[in-house]
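*Asks:* Any chance you could fold what I've pasted below:
(chains A and B, ligands or ions: 1)
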Amino acid sequence: MDFDFSEEQRLLKESVDRFIGDRYDFEQRKTFAKSDSGYAHENWKQFAELGLLAIPFAEEHGGFGGGPTETMIVMEAFGRGLVLEPYFSTVVLGGGLLRHAGSDAHKSEFIPKIASGDLRLAFAHGERQSRYDLADVEARAKKSGSGYLLEGEKSLVLNGDSADTLIVSARMSGDERDRSGIGLFLVDGNAKGVSRRGYPTQDGLRAAEISLSGVEVPVDRVLSEDGLPIIERVVDEAIAALAAEAVGAMAEMHALTVDYLKTRKQFGVAIGAFQALQHRAVDMFVALEQARSMAMFATMMSAEDDAEARSRATSAAKVQIGRSAKIVGQGAIQLHGGVGMTMELKVGHYFKRATMIDVLFGDADYHLARLAEAGSLAA
Amino acid sequence: MDLRFTDQELAFRDEVRTFFKENLPPAIREKLKEGRHTSKDELVEWTRILNKKGWAVSHWPREYGGTGWTPVQQYIFLDELQQAPAPSPLPFGVSMVGPVIYTFGSDAQKKQFLPRIANLDDWWCQGFSEPGAGSDLASLKTTAKRDGDHYVINGQKTWTTLAQHADWIFLLARTDPSAKKQEGISFILVNMKTPGITVRPIVTIDGGAEVNEVFFDDVRVPVENRVGEENKGWDYAKFLLGNERVGIARVGVSKERLRRIRELAAATTDHGRPLIELPRFREKLAAVEVELKALEMTQLRVVAAEAKRAKGKPDPASSILKIKGSEIQQATTELLMEVVGPYALPYRQEHEDEEGWNEPPIGPDWASTIAPTYFNTRKVSIYGGSNEIQKNIIAKAILGL
Ligand SMILES: Cc1cc2nc3c(=O)[nH]c(=O)nc-3n(C[C@H](O)[C@H](O)[C@H](O)COP(=O)(O)OP(=O)(O)OC[C@H]3O[C@@H](n4cnc5c(N)ncnc54)[C@H](O)[C@@H]3O)c2cc1C
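*Replies:* Sure thing, here's the model as predicted:
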């Protein structure tokens, strides 16, 4: 057992940390957020130059050959920076689907473009009725000539408004919540029949409602005809990545709070002198470290081939992350007093991001129920 | 001991309930149900409906427009108001400065201000907190320096709720800089149109614009706008803060919220099943209901005791109401977050509320206020004396620690 990073991983961490330190302070982030796409294209280019966009892909396709640990390193730093760029949508979700479902031809075509920063992806999967059920897909793919026609409505598509290519799930057969018969399709974001309505999300990121009406997909753009196991696998990886991001956000919230306790004076002393506040800060610290441990656990388990074991580990991590985010986030606001309630301090922005991470791919409550049904986590 | 309401009290409850049913404008009720903020005009409209009925300042003494109701009746009124749900009259006037004025103010002040508070002709805001003086309010730095028959006010207030609408602000300022902390503070009424006042909005994490900074730069205020004696302002402020705590449990608001959670959880499905049918969800809801029932009974005990104690002496047990009341309000917003699930995510933009906008909402039409409500409700354990400060009060005043 070894919790230390390899030399290469340390270098990666150094470079992404440096990027966040140099390029991503609170003021700079505000200007990035103001652009139409909701993030900065120069940053995306920088990601390409630093090799971040190539991390999880095989070297034979122009990737860096990294694994979940490398993704964890990047996502944690992005959590600290509250990064706006669509890394999660493009590399973790979209890239994950390509890695696990794509043919060699797909990989050779798309991965180099992702790595060079010329292709941004979004995963158009959720629907109005689906909530957290990954099998709940009503959108349809009808055979038409040698290809397919897509019909349906996709909802809450992260970064769906600015993505160049969408990976769309649609039913080739079966009923709404059947496990089989879900296809995955590569669709140009500007294809005929695709209409997108983008909007900001509570955490300052972006999402879109996407309507598909008679969208033609040639057969070589079919990524999978039995997509659910792949979707589940990629979502497990995605949850591990989000867990790392949440840990980054929580670590910053905690650091900011401890700092505030040392500097804010009331009743003639730094408020950190009050034991009630010390203990709360300690509770937050414990929650943070528990979350960090589970983010590591989820990262390790996301490479596990046994789907059931992987899914249980993922659910456990999501529960811990959600609960810790509440303890750390609510505590951070409370200990800041009035200023914690404002958009003027970074702490509130972290709180909002950590809260939104909880409702992505199933909240703590949902995963706790899933875990309880699956049996024991103990192994 | 008989914990039931008497027949007269029940009849009173029906009367109040019927009045709200018949007179609360439906648009205002809808807004509150959906967790949206009412506008200034809507609050003025509603306050005037109440005032016409003689209920806008129900808890004031009769001679100033109050009703003479018993504490239990006051409780029933407030509970029904919150459950309607109807907006509470602006607290800065009716619960804060009004009672200070009729208790400590001059006859001229009573005549000038009290009727206008009851009718919301004057919008008041509370200028207590400063950047350096929050929990430690007595360390405030704003000064009021005597210059003939005027005070000249300099300094800064912050977190001033709804100051953007205000006609008047009541503030604490230092009139004797050489005196010890709590001494040398005066309670002064300032017209917001006086030259030298600047209001700057502070955006809160829910995206709302309810608080402000207020700057005073050589603001000249007639000496007759001081309430009571010079340098005795701290006593009046303590009196005011004691009143503030009583209404803060907001039991009726939480009752209404829990009802709404039930409705929404019945309309939301999880794997094809209404959320309200899931035992794990129902248990959480029931647990909050238990806490709320206990709080309601505690509140009634405090109310009953209040009838018997000396006027104007706050009951330290009211700190229990503040702590539990705020925790329960926060718990209800967490339940709402669970119900709305992924549709907590979209951020509703201002232009979506404009006339002529006809795109459908993203997700259920009730979803967009949920996350902002969760974020915004973090404030209830911070303001009105933070929960940590309330615990300090209980430890000292009740437990003798
Ligand atoms: C939305 C909102 C609206 C408000 N509206 C108004 C208004 O209209 N008018 C007005 O005058 N004020 C208003 N306030 C201000 C409010 O009263 C203060 O925020 C509150 O008194 C806390 O002060 P602070 O924000 O400076 O926090 P601080 O006092 O700096 O407290 C920071 C943290 O330290 C804790 N703490 C402080 N002292 C102690 C202690 N002795 N022991 C243990 N813990 C301690 C606090 O509980 C808190 O967790 C509002 C605040 C908010 C958030």
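
*Asks:* For residue A:274, which residues are in contact?
*Replies:* Shown here is residue A:274, whose contacts under the criterion C-beta atoms under 8 Å, 6 or more residues apart in numbering or on different chains are residue B:388. Quick note: C-beta positions are derived from backbone N, CA and C, even for glycine.

*Asks:* Against residue B:132, how distant is it?
*Replies:* 17 Å (C-beta to C-beta, to the nearest Å).

*Asks:* Residue A:121 too?
*Replies:* Going from residue A:121 to residue B:132 by C-beta to C-beta gives 50 Å.

*Asks:* which phi and psi does the closest residue to the ligand within the stretch 101-250 of chain B have?
*Replies:* Per C-beta to the nearest ligand atom, residue B:134 is where the stretch 101-250 of chain B lies closest to the ligand, at 1.7 Å. Main-chain dihedrals, residue B:134, degrees, to the nearest 10: phi -110, psi -90.

*Asks:* Ok, residue B:208 next?
*Replies:* Per-residue torsions, residue B:208: phi -80, psi 160 (degrees, to the nearest 10).

*Asks:* Could you do the one 5 residues further on as well?
*Replies:* Geometry field for residue B:213 lists phi and psi as phi -100, psi 140, criterion degrees, to the nearest 10.

*Asks:* Isn't it up against residue B:203?
*Replies:* No - counting by C-beta atoms under 8 Å, residue B:213 does not reach residue B:203; the two are 11.7 Å apart.

*Asks:* circling back to that earlier point, who has more neighbours out of residue A:121 and residue B:132?
*Replies:* Between residue A:121 and residue B:132, counted using other C-beta atoms under 10 Å in any protein chain shown, residue A:121 has the larger neighbour count: 28 against 14.

*Asks:* residue contacts, the more buried one?
*Replies:* With C-beta under 8 Å, 6+ apart, residue A:121 has these contacts: A:86, A:89-90, A:93-95, A:98, A:114, A:163-167.

*Asks:* Could you rerun that using 7 Å?
*Replies:* A:89, A:90, A:94, A:163, A:165, A:167 (C-beta atoms under 7 Å, 6 or more residues apart in numbering or on different chains).

*Asks:* hey, where'd the helices end up in chain A?
*Replies:* Assigned by DSSP state H, chain A shows helices spanning A:7-23, A:26-34, A:41-50, A:68-81, A:87, A:95-101, A:104-115, A:228-263, A:275-301, A:307-336, A:346-358, A:364-374.

*Asks:* Let's have these in a markdown table, adding mean neighbour count and mean pLDDT.
*Replies:* A markdown table is the format used below for these (neighbours: other C-beta atoms under 10 Å in any protein chain shown; pLDDT from 0 to 100):
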| stretch | mean neighbour count | mean pLDDT |
| --- | --- | --- |
| helix A:7-23 | 15 | 96 |
| helix A:26-34 | 14 | 93 |
| helix A:41-50 | 16 | 97 |
| helix A:68-81 | 25 | 98 |
| helix A:87 | 26 | 98 |
| helix A:95-101 | 24 | 98 |
| helix A:104-115 | 18 | 97 |
| helix A:228-263 | 23 | 98 |
| helix A:275-301 | 18 | 98 |
| helix A:307-336 | 23 | 97 |
| helix A:346-358 | 24 | 98 |
| helix A:364-374 | 18 | 95 |
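
*Asks:* Columns distance to residue A:175 on top of these, output as a markdown table?
*Replies:* Below are the helices of chain A laid out as a markdown table (distance: least, C-beta to C-beta, whole Å):
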| stretch | distance to residue A:175 |
| --- | --- |
| helix A:7-23 | 44 |
| helix A:26-34 | 41 |
| helix A:41-50 | 40 |
| helix A:68-81 | 34 |
| helix A:87 | 35 |
| helix A:95-101 | 22 |
| helix A:104-115 | 28 |
| helix A:228-263 | 13 |
| helix A:275-301 | 31 |
| helix A:307-336 | 22 |
| helix A:346-358 | 30 |
| helix A:364-374 | 22 |
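
*Asks:* May I see these arranged in JSON lines, with distance to the ligand as well?
*Replies:* Shown next, in JSON lines, are those (distance: least, C-beta to the nearest ligand atom, whole Å):
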{"stretch": "helix A:7-23", "distance to the ligand": "28"}
{"stretch": "helix A:26-34", "distance to the ligand": "20"}
{"stretch": "helix A:41-50", "distance to the ligand": "33"}
{"stretch": "helix A:68-81", "distance to the ligand": "24"}
{"stretch": "helix A:87", "distance to the ligand": "34"}
{"stretch": "helix A:95-101", "distance to the ligand": "41"}
{"stretch": "helix A:104-115", "distance to the ligand": "44"}
{"stretch": "helix A:228-263", "distance to the ligand": "8"}
{"stretch": "helix A:275-301", "distance to the ligand": "5"}
{"stretch": "helix A:307-336", "distance to the ligand": "5"}
{"stretch": "helix A:346-358", "distance to the ligand": "11"}
{"stretch": "helix A:364-374", "distance to the ligand": "25"}
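
*Asks:* Rebuild those as JSON lines, extending it with distance to chain B.
*Replies:* Shown next, in JSON lines, are the helices of chain A (distance: least, C-beta to the nearest C-beta, whole Å):
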{"stretch": "helix A:7-23", "distance to chain B": "22"}
{"stretch": "helix A:26-34", "distance to chain B": "12"}
{"stretch": "helix A:41-50", "distance to chain B": "22"}
{"stretch": "helix A:68-81", "distance to chain B": "17"}
{"stretch": "helix A:87", "distance to chain B": "18"}
{"stretch": "helix A:95-101", "distance to chain B": "19"}
{"stretch": "helix A:104-115", "distance to chain B": "25"}
{"stretch": "helix A:228-263", "distance to chain B": "12"}
{"stretch": "helix A:275-301", "distance to chain B": "5"}
{"stretch": "helix A:307-336", "distance to chain B": "5"}
{"stretch": "helix A:346-358", "distance to chain B": "4"}
{"stretch": "helix A:364-374", "distance to chain B": "6"}
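
*Asks:* Please name whichever of those helices is nearest to residue B:225.
*Replies:* Nearest to residue B:225, of all the helices of chain A, is helix A:307-336, at 34.3 Å by C-beta to C-beta.
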